[in-house]
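Q: Sequence isn't available, so here's the structure alone:
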Ligand SMILES: Cc1ncc(C[n+]2csc(CCOP(=O)(O)OP(=O)(O)O)c2C)c(N)n1
Ligand SMILES: Cc1ncc(C[n+]2csc(CCOP(=O)(O)OP(=O)(O)O)c2C)c(N)n1
Ligand SMILES: [Mg+2]
Ligand SMILES: [Mg+2]
């Protein structure tokens, strides 16, 4: 099975061969490197930019205005805070001009902690991103969703941001992408650039096919009557694992929802589950003051207050200036499996 | 009584004469204009910068690192989205360096709608600002608080942002600043620059005195057993007015809390009121996805869920790409007195 | 002046004039340049119309027919000359325009009716640029490649990189024109544009035009900028540049012509700085009253044309009168046009999408 | 070489050498410059120590004693020469250092013990720069005006404006030194620094130093930058500039000396670009293996010193050996030092404040 980052690469390949992608660019995105996480290796329309995030966003907007279909990468979301004004412009340009222009750009950006990235390779971005009106925001937690969300991002004529969980990029999926060779070693041989000199290397792309994960559609990963767990990205697999453990150890069965699309989010799926369980936990790793999880909680409280049996929980990153390099920092500021487990157990067993 | 913007000016005067402020700067902050809202007229340390917000923040940080005490203005918060990376650095620099350096900078910035400012003079900033770990964020709703919060911002050795509600800048306070002449016409004659040539004008500063509003201290504007209204900035006076009307018309009496300090916020005051009333409404004009009000709601729900008698309300701005110039846009995207009134009435009368 | 009297170094002008379908009988000389009379008259008429439009718009900001005014009185020559040179149309074969908020003259010269400007000032639902959402002069016209003007200073220079890349690929002679003020060049985006537009082997046809009025709101340029000419900043990047007196329409025409010729042919960037006046202060926020001490390009050009016998005082008077009437009529027309409705607030947020389960068409509020 | 043999145009060098307390008996000539032998040996020794420190640190990144490595093998000459010229101390009377992540040599030359660098690599609680929070080489030393290094490329150039303003006011001869790479100059902040540092009548003593290693991570500079020399960008702002071969320590010393002299005396900005090698790739992310094809400044200088009879091969061997031992000992020492604790996570967020009802001392989690 493809890893998440291979899935992104396959999606971009499909995008540039079938969906009209004209430009894939960013710092170190073109040859020889093909992206610091290899997301753009071997792509025919990938190119390198100057070290200038504002220029990257501006160029993407201009390309889109002139009818091209750009996908750009910001190397780490930690470096996507010097051009939020431009992201705002991209999000408001259609509205401001009463529909005169569209802004079909795709931004992809590695986010979150988990790679020993110290203060500047550990930021989260969803709370920032979901504030950008006019944008759609997605965050896959596995390879197939990454493929399907990237394809949706490409065909959607609006600005779309795909947040890539850094720590999951090298994790293999458990479902095949349509057209993906079933042997992961074969896939790697065909599409991963060799170490060392790559000047004569050419990928041998498998014949992957169209597969969309529509915006606004979550995925119910586990089903159960007791509680609702809402998550996405890096901590989603942890939530699934914790839910499985609690089923084993305590016979507690929960809905685990992978949002996948953060804006728009799958409100029907969330509401259905909350009505059913009356117990809600929201999990993400972004810092906890003015956090996107707090928005989800607000919607739930505003519309399902009387359906809630016990107090809802949010498990989030601490409000701190950074995540330090020594592992003691990350394990004490970003939710760990233990925190999630004890929070879920408490939620499930609170007397109603 | 001084207007809010006069209070800011008096605070800056006190700051540069008694509290060690060395530099007050920003675009059009120095002579001849003294700020697009006149906040910096006549100040001896006020100077103009190039049109470059990144340079402004960087210069402020450097000044602070070298022992100066800078106060800088960003002309409108609408233009404070191209340097959020630098605000993050300012907030994390002490933490990152394990206390090697402090970062005593003050940023003041007009925010919010209400001045027919169209798409780019109507943004709010509190949801953005409260995400900045390491910063303290304040927002006055009247002149005296503006004075007291500015003085606290100046003496606090950490980065402090003072959000100034644009639409209230010309509103007169109802309490005198210590040392303020009681005749507002006299005050104006003494400290407002004349129209036209000002090259020979000198302000005649009144002898204002020290007055601090500490961070983390809210103000209980109205008291009552029925409900808790949490607000700040531009909509705070509207909440007070609505609360007064409901007392008149329906005999409903509510706590109205002016947060004043958004981070840290006065949790003891909030918790006390929520325990008392069990009914909560949070009001601000920022857009509603990942809004600071949602954080306050989360704290309340997480810690006082079982104290809540009815579902809490949030009254916030709509999730939209902008606020348009024609008044129909603002009145249909930013909370209006009517919305606040009907939400409060519903909150107060919901069957528990 | 018979054709044979044209000095030899102006012969190319004669040829161009013929190409324009103008009988090359008369010329105006100024700033060491020469321009044929009919072109001068055309420019003059457009400058007068622009001025009338601006003045009527300022009046609206004071009368309550609109709120905020910002515009370009003093920049008419640059705008009109630019507008007349634009390769007008939709898509990368044509010029892209990345403007700021002082470009009414440019749009008038391209053929925009005054009423299109007035509608934005009056915030009508019929405002084609923004449906009453944006400040006046914040144009957006897809059919002419006028990309939406945003109030955020200088971001237009970064967007111009992208449109110019597409133009270069299409092997058209289209140019991406980015226009901004002098103070704005302090933003990093101005520098980004130079770096990106001059990438070795990847140069793109961006015409960076700086209208230097000597101020950013209240701040004099000379207190913040050490550059003798802003356009000198192009040199280290191998970008060709020039500067011109924007109060001299003839010189401005020629400077712009050279700039466009270079960009169209070489497919490389060019920077032109034009010194202009700011006749009504920064915007209505500073009163928008007529300020003294600044040369008035319309008056200067009028005197020049009258002095060289091309324009009669009576004709000038008539042109001014017609322009004012045209502006009044446009203002009157928009006064009764429909305003946007509460139901319009969310419109045009999203384009329809086949892969969106919540917003297949437009935005409709938070997901439900 | 007796003093009388010194060519006349190097006489000032002799005087300077005397001022340094060095007997001007021997000199090294290189790149058209000359430098006395004792200084050369001092530089050489520091360069070797820097290289040893870097190599040991790289080893830590592979052995698990630390994680990520980034540093400056190839930039030793610039760093060491710079470090020896710093007016070291706290406050505006001294130089401020706004660095990036390749400046170990600079700090060693200023007198930082190796163990201070190693502690950050090993993420110990004793790490004086960041208490185990930041990547190696992200120094912060208040006593020496080394302001905290942040990974965000190029923001140091904007902060340098502020420290230089204070230095100018104090009428000291302190300089604010900002150091960054070549690719980073594409960020607008580099341009901001030039604009702010050269404001007419408000010039400030910023020394902008660009270490040009020809790459930003994997991207060759020549594919993105049209400037022949980055330092040419200073010219339009009236900022003096120069460029130098950073693989020539003698030329580098002289170029830096001129730069500092200018800034210290004129209280104005200066830009120096140094061409350097990148001997171990960008960082441990790209393997940090030694790469071929790049000149090695330590080797070059060693050969130069040996060739001119100033250094014996045996002494060079010994210096290298000692440096490696010193680095090993430092690495060993930090291995057993305490690590930060869970209770340290919130420490140093806030400075104590008399006007904070919630956080009078440090941050303690959300308000309660
Ligand atoms: C990023 C940003 N910062 C600040 C402003 C506020 N502002 C609007 S116009 C202006 C001055 C612009 O001066 P200049 O670039 O010379 O253009 P001019 O108005 O003189 O034509 C400023 C500071 C803005 N619109 N955008
Ligand atoms: C704002 C920002 N964008 C991207 C990065 C990621 N990054 C780290 S180093 C680097 C390349 C820097 O190249 P250069 O400025 O030439 O310095 P060098 O590393 O070559 O010394 C990049 C892109 C960053 N740290 N900061
Ligand atoms: Mg200007
Ligand atoms: Mg480099």
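A: Thanks, I have the structure now. All values derive from a computational prediction rather than experimental measurement. Residues are numbered from 1 along each chain as shown, chains lettered A, B, ... in the order given. Ligands and ions are numbered 1, 2, ... in the order given.

Q: From here on, just use CA atoms for contacts and neighbour counts.
A: Will do.

Q: List the contacts of residue C:204.
A: Contact partners of residue C:204, counting by CA atoms under 8 Å, 6 or more residues apart in numbering or on different chains, are C:161, C:164, C:165, C:168, C:197, C:198, C:267, C:268, C:269.

Q: run the last query once more with 6 Å
A: C:164, C:165, C:197, C:267, C:268, C:269 (CA atoms under 6 Å, 6 or more residues apart in numbering or on different chains).

Q: Give me the subset of these lying in strands.
A: Nothing among these maps onto strands, per DSSP state E.

Q: can you redo these as JSON lines with distance to chain A and neighbour count?
A: As requested, these are exported to JSON lines (distance: CA to the nearest CA, whole Å; neighbours: other CA atoms under 10 Å in any protein chain shown):
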{"residue": "C:164", "distance to chain A": "8", "neighbour count": "31"}
{"residue": "C:165", "distance to chain A": "7", "neighbour count": "26"}
{"residue": "C:197", "distance to chain A": "10", "neighbour count": "31"}
{"residue": "C:267", "distance to chain A": "16", "neighbour count": "24"}
{"residue": "C:268", "distance to chain A": "16", "neighbour count": "24"}
{"residue": "C:269", "distance to chain A": "15", "neighbour count": "32"}
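
Q: Any chance of JSON lines for those, columns distance to residue C:136 and pLDDT?
A: Formatted as JSON lines, these follow (distance: CA to CA, whole Å; pLDDT from 0 to 100):
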{"residue": "C:164", "distance to residue C:136": "26", "pLDDT": "98"}
{"residue": "C:165", "distance to residue C:136": "29", "pLDDT": "98"}
{"residue": "C:197", "distance to residue C:136": "30", "pLDDT": "98"}
{"residue": "C:267", "distance to residue C:136": "33", "pLDDT": "98"}
{"residue": "C:268", "distance to residue C:136": "32", "pLDDT": "98"}
{"residue": "C:269", "distance to residue C:136": "29", "pLDDT": "98"}
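
Q: can you list those residues in TSV and add distance to chain D?
A: Output for the contacts of residue C:204, formatted as TSV (distance: CA to the nearest CA, whole Å):
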residue	distance to chain D
C:164	16
C:165	14
C:197	9
C:267	15
C:268	12
C:269	12
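
Q: filter these down to the ones near ligand 1?
A: By CA under 6 Å from any ligand atom, no member of those lies near ligand 1.

Q: how far does stretch A:326-344 sit from the chain's center?
A: Here stretch A:326-344 is found 20 Å from its chain centre; the criterion is CA atoms, centre = their mean, to the nearest Å.

Q: Any buried residues in that stretch, and which?
A: A:326-336, A:340-341, A:343-344 (16 or more other CA atoms under 10 Å in any protein chain shown).

Q: who touches that stretch?
A: Taking CA under 6 Å, 6+ apart as the rule, stretch A:326-344 contacts A:242, A:285, A:317, A:318, A:323, D:123, D:132, D:345.

Q: Domain map for chain C?
A: Chain C breaks down by automatic domain parsing into domains covering C:8-337, C:340-368.

Q: ok, the last one near chain A or not?
A: Yes. Contact check for domain C:340-368 against chain A, using CA under 6 Å from any CA of the partner chain: residues in range are C:348, C:349, C:353, C:355, C:356, C:357, C:358, C:367, C:368.

Q: Strands of the chain, start to end?
A: No chain specified, so I'll use chain A. Listed in chain order, the strands found in chain A under DSSP E are A:23-26, A:46-48, A:70-73, A:106-111, A:136-138, A:160-165, A:219-222, A:227-231, A:254-258, A:261-263, A:280-287, A:313-317.

Q: oops, chain C please
A: C:27-30, C:33-36, C:96-98, C:176-181, C:206-212, C:215-216, C:219-220, C:240-245, C:270-275.

Q: can you tell me which residues contact residue 352?
A: No chain specified, so I'll use chain A. A:309, A:310.

Q: wrong one, I was asking about chain C
A: Residue C:352 neighbours (CA under 6 Å, 6+ apart): C:360, C:361, C:362.

Q: Which helix runs longest in chain C?
A: Identified as the longest helix of chain C according to DSSP state H is helix C:37-63.

Q: Give the buried residues for that helix.
A: C:37-41, C:43-61.

Q: residues in the stretch 201-350 of chain C within reach of ligand 3, list them.
A: Proximity of the stretch 201-350 of chain C to ligand 3 (CA under 5 Å from the ion) is limited to residues C:213, C:215, C:216.

Q: could those be laid out in CSV, adding neighbour count?
A: CSV is the format used below for those (neighbours: other CA atoms under 10 Å in any protein chain shown):
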residue, neighbour count
C:213, 22
C:215, 20
C:216, 19
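
Q: Looking at those, spot the one nearest ligand 1.
A: The shortest approach to ligand 1 among those belongs to residue C:216, at 3.4 Å (CA to the nearest ligand atom).

Q: Who are the contact partners of the closest one?
A: Going by CA under 6 Å, 6+ apart, residue C:216 touches residue C:183.

Q: right, so of the domains of chain C, which gets closest to residue B:103?
A: Closest approach to residue B:103 among those is made by domain C:8-337 (24.3 Å; CA to CA).

Q: The residue in chain A positioned nearest to ligand 3: how many residues sit nearby?
A: With CA to the ion, the shortest gap between chain A and ligand 3 falls at residue A:85, namely 21.4 Å. Residue A:85: 21 surrounding residues under other CA atoms under 10 Å in any protein chain shown.

Q: just residue C:338 next, same as before
A: If you count neighbours by other CA under 10 Å, residue C:338 ends up with 12.

Q: ok, now how distant is it from residue B:331?
A: Using CA to CA, to the nearest Å, residue C:338 is found at 17 Å from residue B:331.

Q: Contact residues of chain A facing ligand 1?
A: By CA under 6 Å from any ligand atom, no part of chain A sits against ligand 1.

Q: Quick check: the residue of chain A nearest chain D.
A: residue A:324 (3.9 Å; CA to the nearest CA).

Q: how about that residue, what does it touch?
A: Residue A:324 touches A:118, A:119, D:133, counting by CA under 6 Å, 6+ apart.

Q: about what we covered before: now the strands of chain A as TSV including mean neighbour count, distance to chain B and mean pLDDT?
A: As requested, the strands of chain A are exported to TSV (neighbours: other CA atoms under 10 Å in any protein chain shown; distance: least, CA to the nearest CA, whole Å; pLDDT from 0 to 100):
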stretch	mean neighbour count	distance to chain B	mean pLDDT
strand A:23-26	25	18	98
strand A:46-48	23	23	98
strand A:70-73	27	17	98
strand A:106-111	26	15	98
strand A:136-138	28	12	99
strand A:160-165	27	14	99
strand A:219-222	16	22	98
strand A:227-231	28	15	98
strand A:254-258	25	19	98
strand A:261-263	27	9	98
strand A:280-287	26	8	98
strand A:313-317	22	7	98
